[in-house]
Structure formats: C-alpha cells, structure tokens
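**Student:** Please work out how this folds:
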Amino acid sequence: MKNKTAGHLSAIITVLIWGTTYISTKILLYDFSPIEILFFRFTIGFIALMIIYPYRLKVTDKKLEFLFVCAGLCGVTLYYLLENIALTFTMASNVGVISAVVPFFTAILTYLFLKDEPLRVNFFIGFVVAMAGICLISFNGTSNFQLNPLGDLLAVAAALVWAVYSVLTRKISHYGYNTIQTTRRVFFYGILFMIPVLFLFDFKLGLERFTNPVSLFNILFLGLGASALCFVTWNFAVKVLGAVKTSIYIYMVPVITVVTSIIVLHEEMTWLAAFGTILTLTGLFISESKINLKNKGEWANGYTK
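**Tutor:** Below is the predicted model:
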C-alpha cells in the first residue's frame, strides 16, 4: 500500500514538473535550437544520475541490454525529435491533444505484449471524458482547430513511441534493478542515438551561452528536474503501478499548463478552459477508479483478464 501511494505521488510529481517545462523550453529557444536543448538536458541528467548513484549496472542478459537500447531510442531520442519536428508543421494545441492519446496506445500495447494490466471499461470511459476536456482546453477560443496532416501524424507517431517506451520500462522493471541505474542506462543509449542527429541539425556546443544566468537556470531545471528526477520518478511509478495506470496521469499535463499560464504568465482562465479542466480531471478519476464490471456485462468479461 505504501509503495502504491509512493507510485501515485511519483506520477503526480512528474506531471507537475512536465506540465511547466514548456516555459523553460520557450525561454531557451531564443538562444538554443531544439536539438541543442535536448542534448544538453539529457547530458546534464545523465551526469546527475552518475553523481547521485555512482554504481555500475552490471547486465549479463543480452535481452535486457536490448530493452535498454530500445528504451533509449524511443523514450529519449525519437519521442522528443518527433514531437519537436511535429511542432514545426502543426499547432501546439494539436500536439497537446494528440499527446493525450498516449494512455490509449499504452493500454493497447500493454494488453498485447505484457498482459499484466487488464483493459477495463472505466479506462475507456475516462479516456473519452478526458479527451473531451483536453480538446476544450486546447481549442478554447484562442486558437482554431485545423488539421495539418504531416505535423499531426508526426505527433501521433511521438505518442505511439512514448507508449512503446512505457511498455519497455515496465518490462525492464521486471528484472528488479535499481530505478536510477536503469534510467541512467536508458539516458546513455538515448544520448548515443542523438549524436548522429546533432550533425544533421547544425549543432553548436557554444558553452559561453550558459554564462547567461537565465539560460543556465532553465537548462538546469530541464536537466535536473524534467529529465533526471522526472524520468526516475516516472519509471518508478511504472514499476509500482504499471504502464497503463501511470500513463493516465498524462491527462493532467494540459491542466497544469493552464494553471501555470495563469500564475506565471497572468493569462485569463476562460469558461471553456475551466470546463475542460473539470472534464479532464473527471476523466482521470474515472480511469483510475476501480469499477468492477466483470459480472455486469459481456463487454467487461471479454476485455478483462
């Protein structure tokens, strides 16, 4: 029970920080390219995890090493690249809504490949309610809905890749290694896959840019907070709660973004955004609740273990 509570708290801490990272990224984009931000934040994260837990992870199982390789490729390199490229072709609101499909993909992949978390009807009801809320938050009158096929498809690919990462993380957690060590190994492969991409995007080291206190503060926040801390807490939550239950907390990200915008940027809360926030949180609650429908219908009997 204590572990479950710690798992839920870890997931909440993670999305609380991830929901505010867009401000730091936005500030850093004045002096850094997206790939430079990505490389620096994960390098800082990797070094931080080395300092915090300086013990080597000895892996003799080739299958586990392969899982680390895939997790680094999906959760670090591909996910962030796809999302950043998607943002250049489509609107941020589209990406925000599409990102919320992650729990749906995670549930399907977990059911197909792990079979350790049953598909429940309340998950799908909660998903529909939360998606309706997130649509209201994203398209609350400040922007118009507009399909941008290439950008939207890239955002869907990013969501799918993150779902794959969640399933891989769950699989890795079954081996029982320390979460900091496993997260650090994932970062290692993520940075390794990132290196060839640096040449394609005209990467510049330009360390003198960190003499600016604002840039230094924001890159440290992304490296230590959003990368090192959040990946460890997220992976811990996946280990304790499972990939599907943890991914449901992603619904909270747009809500936190709205609240942060009000507090930090002094933006006004519209009625549509307020209603969307209530719907999103309701969807999260429904998805996380334990509604037992096993004896109440054929549907539940067919889709639960």
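
**Student:** Flag every buried residue along the host helix or strand of residue 254.
**Tutor:** Using DSSP states H and E, residue 254 sits in helix 252-264. Of the residues in helix 252-264, 252, 253, 254, 255, 256, 257, 258, 259, 260, 261 count as buried by neighbour count, 16 or more other C-beta atoms under 10 Å. Any C-beta I mention is one placed from the backbone N, CA and C, and that applies to glycine too.

**Student:** nearest to residue 280, of the residues you listed?
**Tutor:** Checking those against residue 280 by C-beta to C-beta gives residue 255 as the nearest, at 5.4 Å.

**Student:** Distance of the closest one relative to residue 194?
**Tutor:** 30 Å (C-beta to C-beta, to the nearest Å).

**Student:** cool, residue 99 as well?
**Tutor:** When C-beta to C-beta is the yardstick, residue 99 and residue 194 sit 21 Å from each other.

**Student:** between those two, who's got more neighbours?
**Tutor:** Counted by other C-beta atoms under 10 Å, residue 99 and residue 194 do not tie: residue 194 has more neighbours, with 23 against 19.

**Student:** Any idea how many residues pack against the nearest residue to that one once chain neighbours are set aside?
**Tutor:** Among residues not flanking residue 194 along the chain, residue 77 sits closest, at 5.2 Å (C-beta to C-beta, 6 or more residues apart in numbering). Residues lying near residue 77 (other C-beta under 10 Å) number 22.

**Student:** Below-threshold pLDDT in the stretch 1-150 of the chain: ranges please.
**Tutor:** Applying pLDDT under 70 to the stretch 1-150 of the chain picks out residues 1-2, 90-94, 96-97, 138-149.

**Student:** What ranges does it have for its helices?
**Tutor:** 2-18, 21-28, 34-52, 62-72, 79-89, 92-99, 102-113, 121-138, 149-173 (DSSP state H, counting those that start in this stretch).

**Student:** Could you dump those helices into JSON lines with distance to residue 204 added?
**Tutor:** Listed next are the helices of the stretch 1-150 of the chain as JSON lines, based on distance: least, C-beta to C-beta, whole Å:
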{"stretch": "helix 2-18", "distance to residue 204": "27"}
{"stretch": "helix 21-28", "distance to residue 204": "14"}
{"stretch": "helix 34-52", "distance to residue 204": "7"}
{"stretch": "helix 62-72", "distance to residue 204": "24"}
{"stretch": "helix 79-89", "distance to residue 204": "17"}
{"stretch": "helix 92-99", "distance to residue 204": "25"}
{"stretch": "helix 102-113", "distance to residue 204": "32"}
{"stretch": "helix 121-138", "distance to residue 204": "33"}
{"stretch": "helix 149-173", "distance to residue 204": "25"}
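
**Student:** Mind checking the ones you listed for the one nearest to residue 210?
**Tutor:** helix 34-52 (8.6 Å).

**Student:** packing partners for the closest one?
**Tutor:** Counting by 3 or more C-beta pairs under 8 Å, 6 or more residues apart in numbering; DSSP states H and E, the packing neighbours recorded for helix 34-52 are helix 79-89, helix 179-200, helix 213-220.

**Student:** quick one: which of the ones you listed is nearest residue 137?
**Tutor:** Closest among the helices and strands packed on helix 34-52, once you apply C-beta to C-beta, is helix 79-89, at 17.5 Å.

**Student:** Could you list the residues in contact with the closest one?
**Tutor:** With contacts defined as C-beta atoms under 8 Å, 6 or more residues apart in numbering, helix 79-89 is touched by 34-35, 38, 95, 99, 148, 150-152, 154-155, 157-158, 161-162, 165, 197.

**Student:** Only whichever of these are buried, select them in ChimeraX.
**Tutor:** This is how ChimeraX selects the buried members of those, with burial counted by 16+ other C-beta under 10 Å:
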select :34,35,38,95,99,151,152,154,155,157,158,161,162,165
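
**Student:** Nothing else from me, thank you.
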